[in-house]
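**Q** Fold the following and give me the result.
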Amino acid sequence: MLERITKSIKSASIFLAVYFLLNILLRISLPHTLDLDEAEQAFYSQYLLAGYGPQPPFYNWIQYAIVSVTGITMWALSVPKNIILFGCYLFYGLAAREVLKSRLLPPIAMLSLITLPQVGLMAQRELTHTVALLFATSLFLFGFFRTLRQPTIGSYLVIGIATGIGLISKYNFAILPFAALVAVLPDWKWRNRLFDWRLLPAAVVAILIVLPHALWLPDNLVSASAPTLERMTAEHEAAAGLPRIGQGLLSLAIAVLGFTALPIVLIAAAFRRDFFRALSSSSPMIRVIERMMVVSLLAFAGIVVFAGASDIHERWLDPCLLVLLIYLFLKLETAGFDLSAGLARFRPVVPVFMIVILSILLLRIVGIQYIGTYTRTNVPFANYVTELTATRKPVLIVAGTKFVAGNMKLEFPDVPVVIPFFPGPGVPEFATAKGPVLVVWRGETANDPTISAGFASDLVKSGIHLKEINTLTLPYLFGDGKHTFSIGYSWVEGGAQ
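**A** Model (predicted):
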């Protein structure tokens with residue numbers, strides 16, 4: 001059966017579609033409390049903006065368009081994410097088909113993406129903007145390899161579209177087209193692709209896609225870059241100079257190892273001696289891919305050395321190393337070995353990973369009392385709403401964080417949910433609100449409902465004065481009844497009263 005599934009891109013895509021449908025159904029069946037990225041999307045879906053803060057806006061635009069049609073629901077959050085992830089796998093398979101001669105290898109390469117932890121597990125568990133980045137990276141690789149093999153106006157336009165989408169998905173995508181450009185320069189045959197007139201319309205398309213956000217960025221550079229720069233700094237940062245550079249380079253090495261180790265081990269175990277013998281095989285395309293990965297990693301090393309980054313995360317390497325699996329299978333094919341036995345051993349890895357990932361996504365929520373670490377999805381927001389609205393309904397909700405705001409928006413789809421000073425000054429909606437306004441927040445820890453000084457100050461600046469502060473504490477969902485989560489809240493009358 002597995003051999004039939006992996007005999008073509010089409011059959012493998014159908015198999016993947018069923019898997020992603022199961023992911024959607026699983027997420028719908030679990031508590032509708034949103035994790036951080038989901039909550040952010042739910043909150044931002046109220047606005048169509050050129051920029052939203054530290055993350056580029058592509059995923060937000062997609063989410064806004066869908067919610068504008070369907071309204072905010074768990075389906076509206078889960079379905080688009082899984083469709084985009086499916087697109088990532090599909091275009092990765094099409095990219096593999098451009099460089100692999102055997103019809104058996106591209107479907108395997110496509111399905112093997114699930115063995116990359118950042119793609120198989122993390123993208124399903126909590127990420128959104130990175131999901132868009134993965135899609136753009138696969139689309140770029142497809143257009144890039146097609147252009148090298150058989151350039152057409154369509155292949156160049158795919159590169160342009162992918163570049164535009166990638167740049168407004170995550171800023172680190174910029175490393176990929178730069179690395180691809182540098183990678184083809186040493187090869188005289190493919191260097192001419194850089195001077196083809198068809199590159200011009202591709203560049204125009206990329207610019208048009210990026211333009212709205214690019215016009216927003218100069219006036220908002222601090223808000224767009226400061227959080228990322230802060231995350232790039234290690235929690236226990238070494239002293240400036242060589243110690244910090246050493247810490248950053250070690251962090252980069254660990255990230256590369258964490259990104260690549262599992263699929264390499266699995267492929268090596270499946271193909272055994274042939275894998276190690278194939279490592280010495282080479283071809284013009286292999287050398288291009290090698291240069292792409294080396295240039296990308298050197299760019300990150302440059303960020304460590306010159307920008308002082310000391311904490312590199314694995315997911316930041318997505319545009320640099322996603323091509324790894326195509327590279328490994330291209331090595332195996334170029335070596336000229338009979339790969340049938342290795343493929344037979346590798347095929348079962350895919351459904352096993354699917355089952356393991358679905359089990360992890362389920363058990364991390366419903367089996368939490370046995371695991372011991374409660375997730376944000378275990379926070380009982382639906383129960384909070386039942387308690388809070390027993391006697392009155394809000395006409396406006398003012399939230400302290402995007403986590404709280406997004407979850408409140410999902411529970412109150414027809415009620416405006418705002419955060420002070422986003423996207424503009426204060427809370428202008430408060431002045432026109434006629435009726436009860438719910439102000440709600442969470443503290444620094446699960447059992448700390450203390451209102452933060454910053455949020456309290458923003459409320460005062462917005463003309464919102466809390467007369468009575470209340471606390472609501474409820475047990476976690478699927479918990480042991482002893483562990484609880486607390487929120488703070490206050491009811492005030494709208495400014496139009």
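
**Q** Now do the helix or strand hosting S68: which elements does it pack against?
**A** Assigned by DSSP states H and E, S68 belongs to helix 58-70. Where contact means 3 or more C-beta pairs under 8 Å, 6 or more residues apart in numbering; DSSP states H and E, helix 58-70 is packed against helix 36-44, helix 74-99, helix 129-149. Glycine gets a C-beta too; all of them are placed from N, C-alpha and C.

**Q** could those go into a markdown table alongside mean neighbour count, mean pLDDT and distance to G367?
**A** Shown next, in a markdown table, are the helices and strands packed on helix 58-70 (neighbours: other C-beta atoms under 10 Å; pLDDT from 0 to 100; distance: least, C-beta to C-beta, whole Å):
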| stretch | mean neighbour count | mean pLDDT | distance to G367 |
| --- | --- | --- | --- |
| helix 36-44 | 25 | 96 | 21 |
| helix 74-99 | 22 | 98 | 21 |
| helix 129-149 | 25 | 97 | 25 |
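
**Q** Could you check how far the residue lying closest to V79 once chain neighbours are set aside is from K81?
**A** The shortest distance from V79 to any non-neighbouring residue, by C-beta to C-beta, 6 or more residues apart in numbering, is to I24 (5.9 Å). Here I24 is placed at a distance of 9 Å from K81 (C-beta to C-beta, to the nearest Å).

**Q** what do you get for W190?
**A** 35 Å.

**Q** hmm, back to that, name the element the residue nearest to V79 belongs to?
**A** Assigned by DSSP H and E, I24 falls within helix 9-29.

**Q** Give me the average confidence score over that helix.
**A** The average pLDDT within helix 9-29 is 97.

**Q** List the contacts of it.
**A** Outside helix 9-29, the residues that touch it by C-beta atoms under 8 Å, 6 or more residues apart in numbering are 4-6, 74-75, 78-79, 82-83, 85-86, 89-90, 93-94, 97, 106-107, 110-111, 124, 354, 358, 361-362.

**Q** tilt between that helix and helix 36-44?
**A** 80 degrees (axes from the mean of the first three to the mean of the last three C-alpha atoms, to 10 degrees).

**Q** in helix 9-29, what's buried?
**A** I9, A12, S13, F15, L16, Y19, F20, N23, I24, L26, R27 (16 or more other C-beta atoms under 10 Å).

**Q** that older thread, only C-alpha atoms, please: export the helix holding S68 in CSV.
**A** Once non-C-alpha atoms are left out, helix 58-70 reads as follows in CSV (Å, rounded to 0.1, in the frame of the first residue of the first chain):
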residue,chain,number,x,y,z
PHE,A,58,1.3,38.1,4.7
TYR,A,59,-0.4,35.5,7.1
ASN,A,60,-2.4,38.3,8.7
TRP,A,61,-3.7,39.4,5.3
ILE,A,62,-4.7,35.8,4.5
GLN,A,63,-6.4,35.4,7.9
TYR,A,64,-8.2,38.8,7.5
ALA,A,65,-9.6,37.9,4.1
ILE,A,66,-10.9,34.5,5.3
VAL,A,67,-12.4,35.9,8.6
SER,A,68,-14.1,38.7,6.6
VAL,A,69,-16.0,36.1,4.7
THR,A,70,-16.6,33.3,7.3
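
**Q** Name the surrounding residues that touch it.
**A** Contacts for helix 58-70 (C-beta under 8 Å, 6+ apart): 41, 44-45, 47-49, 52, 76-77, 79-80, 84, 128-129, 131-132, 165, 168-169.

**Q** excluding its backbone neighbours, what's nearest S296?
**A** Per C-beta to C-beta, 6+ apart, closest to S296 is C320, 3.4 Å.

**Q** roughly how far is the longest strand along the chain from the heart of the chain?
**A** Assignment by DSSP state E gives strand 484-493 as the longest strand of the chain. Distance of strand 484-493 from the chain centroid (C-alpha atoms, centre = their mean, to the nearest Å) equals 31 Å.

**Q** Ranking helices and strands of this structure by mean pLDDT, which lands last?
**A** Lowest mean confidence among the helices and strands of the chain (mean pLDDT, DSSP states H and E): helix 221-231, at a mean of 72.

**Q** Pull out the buried residues from the very next helix or strand once past that helix.
**A** Per DSSP H and E, the first helix or strand lying C-terminal to helix 221-231 is helix 242-271. For helix 242-271, the neighbour count (16+ other C-beta under 10 Å) marks 244-245, 247-249, 251-252, 255-256, 259-260, 263-264, 266-268, 270-271 as buried.

**Q** For the spatially most central residue of the chain, which non-adjacent residue is closest in space?
**A** By C-alpha atoms, centre = their mean, the chain has its centre lying nearest to T130, at 2.1 Å. In space, T130 comes closest to R315 once its chain neighbours are excluded; the distance is 5.4 Å by C-beta to C-beta, 6+ apart.

**Q** Specify the local secondary structure of the one you found.
**A** Put simply, R315 is helix when judged by DSSP: H, G, I helix; E, B strand; the rest coil.

**Q** Just list the residues touching it, thanks.
**A** Q118, M122, L127, T130.

**Q** per-residue confidence for the third one?
**A** The model reports L127 with a pLDDT of 88.

**Q** and the gap between the spatially closest residue to it that is not a sequence neighbour and M1?
**A** What sits nearest to L127 in space, not counting adjacent residues and going by C-beta to C-beta, 6+ apart, is D37, at 5.9 Å. Distance, D37 to M1, by C-beta to C-beta: 35 Å.

**Q** again, but for D414
**A** For D414, the distance to M1 - C-beta to C-beta - is 47 Å.

**Q** do N447 as well
**A** 50 Å.

**Q** Name the residue in the two with the higher neighbour count.
**A** N447 (12 against 8; other C-beta atoms under 10 Å).

**Q** that's a helix at that one, yeah?
**A** No - assignment of N447 by three-state DSSP gives coil, placing it outside any helix.

**Q** give me phi/psi at F337?
**A** phi -80, psi 160 (degrees, to the nearest 10).

**Q** Pull the number of nearby residues for the residue lying closest to it once chain neighbours are set aside.
**A** Leaving out its chain neighbours, the residue that sits closest to F337 by C-beta to C-beta, 6+ apart is D274, at 4.6 Å. For D274, the neighbour count with other C-beta under 10 Å is 17.

**Q** Can you tell me the element D274 falls in?
**A** helix 273-278.

**Q** Show me what counts as buried in the helix or strand following that helix.
**A** In the C-terminal direction, the helix or strand that comes right after helix 273-278 (DSSP H and E) is helix 284-307. In terms of neighbour count (16+ other C-beta under 10 Å), helix 284-307 has its buried residues at 285-286, 288-289, 291-293, 295-297, 299-301, 303-304.

**Q** what's the following helix or strand after helix 284-307?
**A** helix 318-321.

**Q** Centre of the chain to that following helix, how far?
**A** For helix 318-321, the distance to the chain centre is 13 Å (C-alpha atoms, centre = their mean).

**Q** Could you pull up the mean pLDDT of the helix or strand just after it?
**A** Of the helices and strands lying after helix 318-321 in sequence (DSSP H and E), the nearest is helix 324-334. The pLDDT scores in helix 324-334 average 97.

**Q** likewise stretch 156-167?
**A** On average, stretch 156-167 scores 98.

**Q** what do you get for stretch 105-114?
**A** 97.

**Q** neighbouring contacts of that stretch?
**A** Under C-beta under 8 Å, 6+ apart, the answer for stretch 105-114 is 5-9, 11-13, 15-16, 88-90, 92-94, 96-97, 100, 119-120, 263, 267, 322, 325-326, 329, 332-333, 339, 343, 346-347, 349-350, 353-354, 357.

**Q** Alpha carbons of that stretch, as PDB, please.
**A** Output in PDB follows, covering the C-alpha atoms of stretch 105-114 (Å, rounded to 0.1, in the frame of the first residue of the first chain):
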ATOM      1  CA  LEU A 105      12.100   9.800  -5.400                       C
ATOM      2  CA  PRO A 106      10.100  13.100  -5.600                       C
ATOM      3  CA  PRO A 107       7.100  11.700  -3.700                       C
ATOM      4  CA  ILE A 108       9.400  10.300  -1.000                       C
ATOM      5  CA  ALA A 109      11.200  13.600  -0.800                       C
ATOM      6  CA  MET A 110       7.900  15.400  -0.400                       C
ATOM      7  CA  LEU A 111       6.600  13.100   2.300                       C
ATOM      8  CA  SER A 112       9.900  13.100   4.100                       C
ATOM      9  CA  LEU A 113       9.400  16.800   5.000                       C
ATOM     10  CA  ILE A 114       7.400  15.500   8.000                       C
END
